[in-house]
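>>> below are the sequence and a predicted model; questions follow.
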Amino acid sequence: PHKFGRVRPPVLNDLTLFTKEFELLELMKDMVEVSDKSKEESGGGSVLASHDVDKQYESLSNKIEYVEPDSEEFEKVKDEIYQSQERSHGKQVVEVVNVYSVCRAEERKRFTKRVKNHRMLYHGSRIANWVGLLSRGILLPKVVV
C-alpha cells in the first residue's frame with residue numbers, strides 16, 4: 001500500500017526497512033484471511049468493508065469480554081502488572097484502566113487442565129499487530145519452533 005508515482009521505490013537494504021515492510025505484509029495477509037473467512041461464513045461481502053465492529057470481531061472467532069473493574073480478576077491483573085512494573089522500572093509506568101479477557105477457540109480446544117502450574121500471561125504489542133494476534137495467536141519465531 002505505497003504510492004510512489006513515477007519515483008523508484010527505495011531499496012530495502014537494511015534490516016529495519018525490511019522488517020517494517022514484512023510486518024506490513026503480515027498485517028495485510030491477516031486482514032485478507034479474516035475477510036475471506038467472514039465471506040465463507042456469511043456468504044456475503046467483506047467484513048473489512050463493514051462498519052459493524054461486532055461482525056469484525058466475530059470473524060476472528062474469539063470471545064472478547066470486558067472485565068468489570070470491581071471484579072477479583074481485574075484486581076489480580078492490575079496487581080500483577082503493577083508488581084511487574086515495580087520490579088523492572090522501580091515505579092508505576094502505566095495505569096490499568098480497562099481489562100479485557102480474550103479466549104481463542106482454537107487454543108481453548110488444545111488447552112489441558114492436567115498441567116497444574118497455570119499462570120496468567122500478558123502480551124503487549126503495537127495496535128498494528130492485533131489482527132494477527134487475534135486471528136493466529138502469539139507465534140514463536142521459526143528459529144524456536
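Perfect, I can see it now.

>>> mind listing the strands for the protein?
Ranges of strands within the chain are 62-67, 99-104, based on DSSP state E.

>>> state the mean pLDDT of the last one.
Just to be clear, that refers to strand 99-104. Per-residue pLDDT over strand 99-104 has a mean of 85.

>>> repeat for stretch 73-80
The model assigns stretch 73-80 a mean pLDDT of 93.

>>> which phi and psi does residue 6 have?
With angles defined as degrees, to the nearest 10, residue 6 sits at phi -90, psi 0.

>>> can you point out the buried residues in stretch 11-30?
Within stretch 11-30, the residues that count as buried by 16 or more other Cβ atoms under 10 Å are 26-27, 30. Backbone N, C-alpha and C define where each C-beta goes, glycine included.

>>> returning to that earlier point: so which of the strands of the chain gets nearest residue 88?
strand 99-104 (19.8 Å; Cβ to Cβ).

>>> buried ones in that closest one?
So for strand 99-104, counting by 16+ other Cβ under 10 Å, buried means 99, 104.

>>> chain center to it: distance?
Put simply, strand 99-104 sits 11 Å off its chain's centre (Cα atoms, centre = their mean, to the nearest Å).

>>> for stretch 118-130, same thing?
Worked out by Cα atoms, centre = their mean, stretch 118-130 lies 7 Å from the chain centre.

>>> what of stretch 13-21?
Using Cα atoms, centre = their mean, the offset of stretch 13-21 from its chain centre is 22 Å.
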